[in-house]
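Peer 1: Turn this into a structure:
(one chain, ligands or ions: 2)
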Amino acid sequence: MHPCLEGITLVAFDLDGTLVDSVPDLAAAVDAALSDLALPAPGEDKVRDWVGNGSRVLVERALTDALGEAPATAFLDTAHEGFLARYGEAPCARTRLYPGVREALEGLTASGQRLVLVTNKPEDFIAPILEATGIAGHFSLCLGGDSLPRRKPDPLPLTHVAERFGVAPGRCLMVGDSRHDIAAGRAAGFRTLAVPYGYNHGEPVAASGPDATVESLAQLVYCKSNCAITM
Ligand SMILES: O=C(O)COP(=O)(O)O
Ligand SMILES: [Mg+2]
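Peer 2: Ligands and ions are numbered 1, 2, ... in the order given. Here you go, the predicted structure:
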């Protein structure tokens with residue numbers, strides 16, 4: 001086991017950019033929603049840097065880029081509805097688990113860790129993606145960006161899961177790809193672990209000062225005493 005798991009009994013995972021590479025499907029839905037409004041489609045490279053604060057902010061960033069100014073609220077509402085409809089048609093056509101994710105979840109589950117999912121993605125999309133990728137059974141609870149009044153980087157969803165399962169924050173680990181995960185984890189009193197391969201607005205997540213970083217989540221369960229990565 002990786003040293004960052006020492007004393008930990010609950011592990012909270014981010015979804016987009018941490019467990020799954022979901023940008024191909026997110027970008028397809030953003031592209032379609034904007035095309036439906038006669039605006040240019042931004043494509044995957046731009047969308048990758050806009051993911052992280054939930055679907056409405058994603059669409060707002062896309063509209064601001066396309067229009068050259070912030071959209072009017074009613075127009076954003078329309079575009080966001082369009083995005084939700086388009087994404088709902090195919091939330092996991094090209095979404096895939098990152099290497100090492102399945103092994104990590106299986107190993108952590110086998111070792112008795114309680115696993116939860118805390119994403120800023122709308123809750124309705126969580127189950128279809130977890131089921132399509134075959135990892136739904138690992139999680140005791142899944143929270144989306146619209147499940148509670150505030151989402152990451154606010155600590156509320158993490159505080160909620162710790163309280164719900166009666167685990168002290170110091171015995172919880174937040175695993176994520178973005179500064180919002182690290183900020184939420186730190187504010188909730190969780191230990192924090194970052195993966196560098198996801199989506200962090202084009203910046204290295206290491207700049208957020210996570211307690212530890214792993215290149216692959218498989219290192220969580222395969223890391224032996226000779227592991228190069230330490231806390
Ligand atoms: O939907 C988003 O904006 C980000 O989702 P995440 O919290 O799973 O990375
Ligand atoms: Mg993420």
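Peer 1: Can you read off the backbone torsions of residue 16?
Peer 2: Backbone torsions of residue 16, given as degrees, to the nearest 10, read phi -70, psi 120.
Peer 1: show me what contacts it?
Peer 2: 22, 23, 26, 51, 52, 119, 120, 121, 177, 198, 199 (C-beta atoms under 8 Å, 6 or more residues apart in numbering). For glycine as for every other residue, the C-beta is placed from the backbone atoms N, C-alpha and C.
Peer 1: wait, what's in contact with the fifth one?
Peer 2: Residues near residue 52 by C-beta under 8 Å, 6+ apart: 16, 17, 120, 178, 180, 199, 200, 201.
Peer 1: Which of those fall within helices?
Peer 2: residue 180 (DSSP state H).
Peer 1: out of the contacts of residue 52, which touch ligand 2?
Peer 2: For ligand 2, the contacts drawn from those by C-beta under 5 Å from the ion are 16, 17, 178.
Peer 1: near ligand 1, which residues of the chain?
Peer 2: 14-17, 51-54, 58, 119-121, 178 (C-beta under 6 Å from any ligand atom).
Peer 1: Adding pLDDT, write those residues out as JSON lines.
Peer 2: Output for the residues of the chain next to ligand 1, formatted as JSON lines (pLDDT from 0 to 100):
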{"residue": "14", "pLDDT": "98"}
{"residue": "15", "pLDDT": "98"}
{"residue": "16", "pLDDT": "98"}
{"residue": "17", "pLDDT": "98"}
{"residue": "51", "pLDDT": "97"}
{"residue": "52", "pLDDT": "96"}
{"residue": "53", "pLDDT": "97"}
{"residue": "54", "pLDDT": "97"}
{"residue": "58", "pLDDT": "98"}
{"residue": "119", "pLDDT": "98"}
{"residue": "120", "pLDDT": "98"}
{"residue": "121", "pLDDT": "98"}
{"residue": "178", "pLDDT": "98"}
